[in-house]
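Novice: Attaching a predicted model along with its sequence, questions to come.
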Amino acid sequence: MTRIQHISDHPPEVSVQYSTSSQLYTEYLNPRFSESHYILKTLDFDLEVVEFERKSEQWRRQLPMEITNQCLNRPRPHLHCEILNFFSLHCFDVCNCEVIVADNYFTGSKDNLRKWIGHPRFELIRHDVTEPLLIEVDQIYHLACPASPIFYKYNPVKTIKTNVIGTLNMLGLAKRVGASMIMSDRILLTSTSEVYGDPLVHPQDESYWGNVNPIGVRSCYDEGKRVAETLMFDYHRQHGIEIRIARIFNTYGPRMNIDDGRVVSNFIAQALRGEPLTVQAPGTQTRSFCYVSDNVDGLIRLMEGEHIGPINIGNPGEFTMLELAETVKELIDPEVEIKVVENTPDDPRQRKPDITKARELLGWEPKIKLRDGLPLMEEDFRLRLGVPKK
Ligand SMILES: O=C(O)[C@H]1O[C@H](OP(=O)(O)OP(=O)(O)OC[C@H]2O[C@@H](n3ccc(=O)[nH]c3=O)[C@H](O)[C@@H]2O)[C@H](O)[C@@H](O)[C@@H]1O
């Protein structure tokens with residue numbers, strides 16, 4: 001038996017390890033020990049002292065392939081930040097690996113997780129990404145940040161902290177666990193179509209740098225996500241971290257918060273409650289709505305594929321808000337009224353993804369049209385609101 005002892009400040013999970021000598025290599029390779037300031041000491045290799053992070057790449061190259069593979073194949077869970085939102089829940093439904101989820105419960109509800117709590121491959125921790133997180137994972141889905149304008153504007157300082165400090169913390173974690181080209185470990189950021197701001201180019205492709213107000217009420221979110229993308233690329237260039245960036249366009253689907261505040265959930269809930277559909281002026285502004293399962297399929301392809309992005313993930317079908325209201329009215333309740341109300345500042349006037357890159361690089365395109373997706377969401381909202389179909 002070889003004893004590997006951790007001799008500096010340490011988180012509890014790496015304090016002392018025992019293993020056979022073949023596993024010794026595994027342990028050395030294991031990114032669990034890659035925190036830069038951790039010094040590992042092997043007792044039966046005569047006090048060889050190693051600063052792991054500096055030497056890890058070199059060691060990987062020196063080790064026989066079967067040992068490297070043994071290490072790389074050791075299963076570690078994926079980390080999803082903010083699993084409780086409807087979007088992440090769909091991610092979890094379709095993946096079959098062990099998942100640790102971290103959420104601060106700001107916009108999500110534990111109710112959404114009933115079916116998963118107690119599941120052997122599911123672990124939920126209450127954690128805010130603005131604080132560092134020391135756990136052992138392989139892939140990191142960094143989804144944290146309220147995406148609904150009413151939520152992110154409610155506490156803009158917290159929103160920008162989530163985007164900047166939260167992304168730094170997640171990148172720090174990716175660096176510590178050794179997310180690099182050699183392993184399948186990587187970090188994916190869900191960025192947003194909002195990085196294009198109020199776009200002057202239409203449709204938007206990934207080469208467009210955007211038209212964003214840096215001091216507006218939406219800036220905590222759109223500038224925050226722009227900085228998050230910058231941080232991802234800086235860690236990639238400076239530290240070799242394997243990154244993926246998705247720019248997600250408006251998403252809708254079952255399990256969305258009924259009071260989320262975004263337009264599709266508002267209109268469906270309003271129609272079911274028999275309330276007027278509140279179209280914010282002028283109503284000619286456009287959005288492109290992607291059904292959540294399509295979106296998640298795109299995200300997983302991006303995570304598992306070879307391209308770092310950014311890649312637009314959205315449905316190119318484009319609708320004005322008046323057209324959306326008319327469609328919801330026709331599908332749910334033709335009697336319901338449409339009321340034009342005041343808008344909020346800096347609302348983008350048009351938005352439609354160019355998904356050429358997603359098609360070519362990920363072999364992805366959305367399958368579900370708005371008219372087919374809305375009834376699926378309606379069904380879920382009817383159940384939760386207790387409004388049966390007449
Ligand atoms: O759904 C999403 O995925 C996107 O939602 C928001 O972007 P936004 O397009 O402003 O989302 P909504 O609040 O749903 O607004 C869309 C349009 O509907 C209008 N709207 C909203 C709510 C409402 O009750 N009525 C209404 O007409 C707004 O004025 C806006 O023009 C987020 O900021 C994006 O990052 C996110 O990707």
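Specialist: Everything's here; your move.
Novice: domain assignment for the protein?
Specialist: 2-72, 78-254+290-315+348-368 (automatic domain parsing).
Novice: Look up the residues forming beta bridges with residue 79.
Specialist: Legend: beta-bridge partners of residue 79 under DSSP bridges are residue 100, residue 140.
Novice: so it touches residue 136, yeah?
Specialist: No - applying C-beta atoms under 8 Å as the test, residue 79 and residue 136 come out as separate, 9.4 Å apart. In short, each C-beta sits where N, CA and C put it, glycine included.
Novice: re earlier: worst average pLDDT in the domains of the chain?
Specialist: The stretch with the lowest mean pLDDT among the domains of the chain is domain 2-72, at a mean of 34.
Novice: so residue 318 bridges to which residues?
Specialist: Going by DSSP bridges, residue 318 forms beta bridges with residue 288.
Novice: Contact partners for it?
Specialist: 203, 286, 287, 288, 350, 351, 352 (C-beta atoms under 8 Å, 6 or more residues apart in numbering).
Novice: State the distance from the residue nearest the centre of the chain to residue 101.
Specialist: Central residue of the chain (C-alpha atoms, centre = their mean): residue 143, 2.5 Å from the mean position. In this view, residue 143 and residue 101 are 10 Å apart by C-beta to C-beta, to the nearest Å.
Novice: next one: residue 132
Specialist: For residue 132, the distance to residue 101 equals 17 Å [C-beta to C-beta].
Novice: Which one's more surrounded, the two?
Specialist: residue 101 (26 against 13; other C-beta atoms under 10 Å).
Novice: need the helices for the protein, in chain order.
Specialist: Assigned by DSSP state H, the helices in the chain fall at 21-29, 52-62, 65-72, 86-94, 149-154, 156-176, 219-239, 263-273, 292-304, 321-332, 356-357, 370-385.
Novice: Can I get those in TSV including mean neighbour count?
Specialist: Listed next are the helices of the chain as TSV, based on neighbours: other C-beta atoms under 10 Å:
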stretch	mean neighbour count
helix 21-29	18
helix 52-62	14
helix 65-72	15
helix 86-94	21
helix 149-154	18
helix 156-176	21
helix 219-239	20
helix 263-273	22
helix 292-304	21
helix 321-332	19
helix 356-357	17
helix 370-385	16
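Novice: wait, isn't residue 104 in contact with residue 127?
Specialist: Yes - contact criterion C-beta under 8 Å: residue 104 and residue 127 qualify, at 6.7 Å.
Novice: so what's whichever residue of the stretch 51-200 of the chain sits closest to the ligand up against?
Specialist: Nearest to the ligand, among the residues of the stretch 51-200 of the chain, is residue 192, at 3.8 Å (C-beta to the nearest ligand atom). For residue 192, the contact set (C-beta under 8 Å, 6+ apart) comprises 147, 221, 222, 225, 247, 248, 249.
Novice: Dig out what it forms beta bridges with.
Specialist: residue 248.
Novice: follow-up on the earlier one: for the helices of the chain, give me JSON lines that also has distance to the ligand.
Specialist: Formatted as JSON lines, the helices of the chain follow (distance: least, C-beta to the nearest ligand atom, whole Å):
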{"stretch": "helix 21-29", "distance to the ligand": "39"}
{"stretch": "helix 52-62", "distance to the ligand": "35"}
{"stretch": "helix 65-72", "distance to the ligand": "34"}
{"stretch": "helix 86-94", "distance to the ligand": "8"}
{"stretch": "helix 149-154", "distance to the ligand": "5"}
{"stretch": "helix 156-176", "distance to the ligand": "10"}
{"stretch": "helix 219-239", "distance to the ligand": "6"}
{"stretch": "helix 263-273", "distance to the ligand": "3"}
{"stretch": "helix 292-304", "distance to the ligand": "9"}
{"stretch": "helix 321-332", "distance to the ligand": "4"}
{"stretch": "helix 356-357", "distance to the ligand": "18"}
{"stretch": "helix 370-385", "distance to the ligand": "13"}
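Novice: Now render those as CSV, adding distance to residue 315.
Specialist: Putting the helices of the chain into CSV (distance: least, C-beta to C-beta, whole Å) gives the following:
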stretch, distance to residue 315
helix 21-29, 42
helix 52-62, 41
helix 65-72, 36
helix 86-94, 14
helix 149-154, 20
helix 156-176, 24
helix 219-239, 20
helix 263-273, 12
helix 292-304, 7
helix 321-332, 13
helix 356-357, 14
helix 370-385, 8
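Novice: Specify the stretch among those that is closest to residue 198.
Specialist: Shortest separation from residue 198 across the helices of the chain is recorded for helix 219-239, at 9.7 Å, computed as C-beta to C-beta.
Novice: Which residue of residue 79 and residue 136 possesses the greater neighbour count?
Specialist: Using other C-beta under 10 Å as the criterion, residue 79 and residue 136 rank with residue 79 on top: 27 against 18.
Novice: distance of the more buried one from residue 350?
Specialist: Between residue 79 and residue 350 the computed distance is 35 Å (C-beta to C-beta).
Novice: cool, and residue 190?
Specialist: Going from residue 190 to residue 350 by C-beta to C-beta gives 22 Å.
Novice: what do you get for residue 276?
Specialist: Remark: distance between residue 276 and residue 350 (C-beta to C-beta) = 25 Å.
Novice: More neighbours: which of the two?
Specialist: Higher neighbour count among residue 276 and residue 350: residue 350, with 19 against 15, using other C-beta under 10 Å.
Novice: surely that one meets residue 285?
Specialist: Yes - contact criterion C-beta under 8 Å: residue 350 and residue 285 qualify, at 6.8 Å.
Novice: could you measure the spatially closest residue to residue 315 that is not a sequence neighbour against the ligand, distance?
Specialist: Nearest residue to residue 315, sequence neighbours excluded (C-beta to C-beta, 6 or more residues apart in numbering): residue 290, at 3.9 Å. Separation of residue 290 from the ligand (C-beta to the nearest ligand atom, to the nearest Å): 8 Å.
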